[in-house]
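[1] Attaching a predicted model along with its sequence, questions to come.
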Amino acid sequence: MTNPAEHKIEHWLKQIEVSDFQEKILNWYQEVKRDLPFRHTRNPYFILVSEIMAQQTQIAAVVPYYLRFISLFPTTKDLASASEEDILKSWEGLGYYSRVRNLQESARMIQKRGEFPNTYKDILALKGVGPYTAGAIASIVFDLPTPAVDGNVFRVISRLGGSFEDITKGSTRKLIEEVVSKLIFQKTPGDFNQSLIELGALVCTPTNPDCDLCPVSGFCYALKHDLISQLPVKKKTEKQKKIPLAVGLIENENGQWLMGKRPESGLLANFYEFKQIEVGEDDSLTTLTTFLKKEGFEIISILPLGPSTHTFSHRIWEMESFLVKANSENYHLKENEIWVAPQKMSDYSIITAHHRIRKKLPLV
Ligand code: SF4
């Protein structure tokens, strides 16, 4: 036997009977596929919405958000002309808000050109659409035999073909896309792509794949050579930076809450947030009280609400929050700040990290 690390996926591809592979995985997909609302449509805009939502969220969890979004914005025209406030609100709970901004930008591009693009290259040119999403839309909606390689497909194909190539490298994406292009069933490429994705999601999971239930186990190099736990190979990414923060939910003498709007660009642009300060050498309570006194607040009471975290791709916010009742007569509102009555709070799009903290309060 060849040393597994030197084995080439191209050898595997030459040895297998492709039509047999296609038949087995497609029959299995028809039997077990999950009944999801976007699997009943070929409206390219709806498929685009579902794919963009699924980029950072489990597909089953996407369903209620998807249904709400397409009822709020049933066409690209509706989305293109919606206010930023409305689109951000519609995305609340999903996080990674740049996705909905890009989606709106795509809707505007589609409006401008007069129709949804129908080639892989033109779909790829839409804002926020990468090779996976373009491949998925092209195959599902337009029956084009384009691969759609997401994390599931990287894992499934690496194991099936015994590939030790690092899946974080661009060259590996190209290689896996080439393999899928040779495997793809030309008549129903959308179903074929989805069958690989579904296999990765339901059976060939990252840990403990259920190979007994796998329709293509007879083709699997990793199973045959006992290499499943070693594949796929993924180089470790840099560690996320931890940022300790003190968060103050400040209520003034009129029962209003202090909210600040974030800058127009950068992380969580244009969202509202409570007062948040990076904690240095002091503990979070001392940091917050010192800051508030310096800003002119007269603190009446301060109640800890406990710790919470929020994870971004490169950083983790480690927050300690406090409910602060304060006299604000000597506080000068900054340009981006407002006092908000509790009943008006839901009119503002608040960053998810603080939205969760706010939920701990009964009346806000
Ligand atoms: Fe994945 Fe096991 Fe199927 Fe191989 S046999 S593709 S490891 S589920």
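    Nice, I can see it.

[2] gap between residue 247 and the ligand?
    In this view, residue 247 and the ligand are 43 Å apart by CB to the nearest ligand atom, to the nearest Å. Yep, even glycine has a C-beta here, placed from its N, CA and C like the rest.

[3] That residue is in contact with residue 321, isn't it?
    Yes. Judged on CB atoms under 8 Å, residue 247 makes contact with residue 321 at a distance of 4.1 Å.

[4] Could you name every residue contacting both of the two?
    274, 357 (CB atoms under 8 Å, 6 or more residues apart in numbering).

[5] When those two are compared, which one has more neighbours?
    It is residue 321, of residue 247 and residue 321, that has more neighbours when counted by other CB atoms under 10 Å, with 27 against 23.

[6] If we ignore the residues flanking it in sequence, what's nearest residue 162?
    The shortest distance from residue 162 to any non-neighbouring residue, by CB to CB, 6 or more residues apart in numbering, is to residue 221 (3.2 Å).

[7] give the contact list for the one you found.
    7, 12, 159-162, 227.

[8] could you give the mean pLDDT of the host helix or strand of residue 134?
    Using DSSP states H and E, the element containing residue 134 is helix 131-142. Average pLDDT, helix 131-142: 98.

[9] need the next SSE after it, C-terminal direction.
    Downstream of helix 131-142, the next assigned helix or strand under DSSP H and E is helix 151-161.

[10] next structured bit after that next one?
    Proceeding N to C from helix 151-161, the next assigned helix or strand is helix 170-183, under DSSP H and E.

[11] the helices in the stretch 251-364 of the chain, which residues?
    Assigned by DSSP state H, counting those that start in this stretch, the stretch 251-364 of the chain shows helices spanning 284-294, 352-358.

[12] Give me whichever of those is most buried.
    helix 352-358 (a mean of 19; mean count of other CB atoms under 10 Å).

[13] other SSEs contacting it?
    strand 241-251, strand 298-311, strand 315-327 (3 or more CB pairs under 8 Å, 6 or more residues apart in numbering; DSSP states H and E).

[14] Now distance to residue 96 and mean pLDDT too, for those strands, in JSON lines please.
    Output for these, formatted as JSON lines (distance: least, CB to CB, whole Å; pLDDT from 0 to 100):
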{"stretch": "strand 241-251", "distance to residue 96": "18", "mean pLDDT": "95"}
{"stretch": "strand 298-311", "distance to residue 96": "11", "mean pLDDT": "93"}
{"stretch": "strand 315-327", "distance to residue 96": "14", "mean pLDDT": "95"}
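
[15] Run a quick neighbour tally on the nearest residue in space to residue 102 that is not next to it in sequence.
    The shortest distance from residue 102 to any non-neighbouring residue, by CB to CB, 6+ apart, is to residue 128 (2.8 Å). By other CB under 10 Å, 17 other residues sit near residue 128.

[16] Please determine how far residue 128 is located from residue 267.
    According to CB to CB, to the nearest Å, residue 128 and residue 267 sit 17 Å apart.

[17] Residue 342 now?
    27 Å.

[18] do residue 260 as well
    In terms of CB to CB, residue 260 sits 14 Å off from residue 267.

[19] Could you tell me the phi and psi values at residue 208?
    phi 50, psi 60 (degrees, to the nearest 10).

[20] Same question for residue 104.
    phi -70, psi -40.

[21] Might you report the residue contacts of it?
    By CB under 8 Å, 6+ apart, residue 104 lies in contact with 79-80, 82, 87.

[22] Equivalent analysis for residue 180, please.
    Shown in contact with residue 180 (CB under 8 Å, 6+ apart): 147-149, 153, 157, 193, 196.

[23] let's see it at 6 Å
    The neighbourhood of residue 180, defined by CB atoms under 6 Å, 6 or more residues apart in numbering, consists of residue 147.

[24] got a pLDDT number for it?
    The model's pLDDT for residue 180 equals 98.

[25] If we ignore the residues flanking it in sequence, what's nearest the one residue in the stretch 251-364 of the chain that gets nearest to the ligand?
    The minimum distance from the stretch 251-364 of the chain to the ligand, using CB to the nearest ligand atom, falls at residue 313 (27.3 Å). Distances taken as CB to CB, 6+ apart put residue 240 closest to residue 313, at 7.5 Å, once the chain neighbours are dropped.
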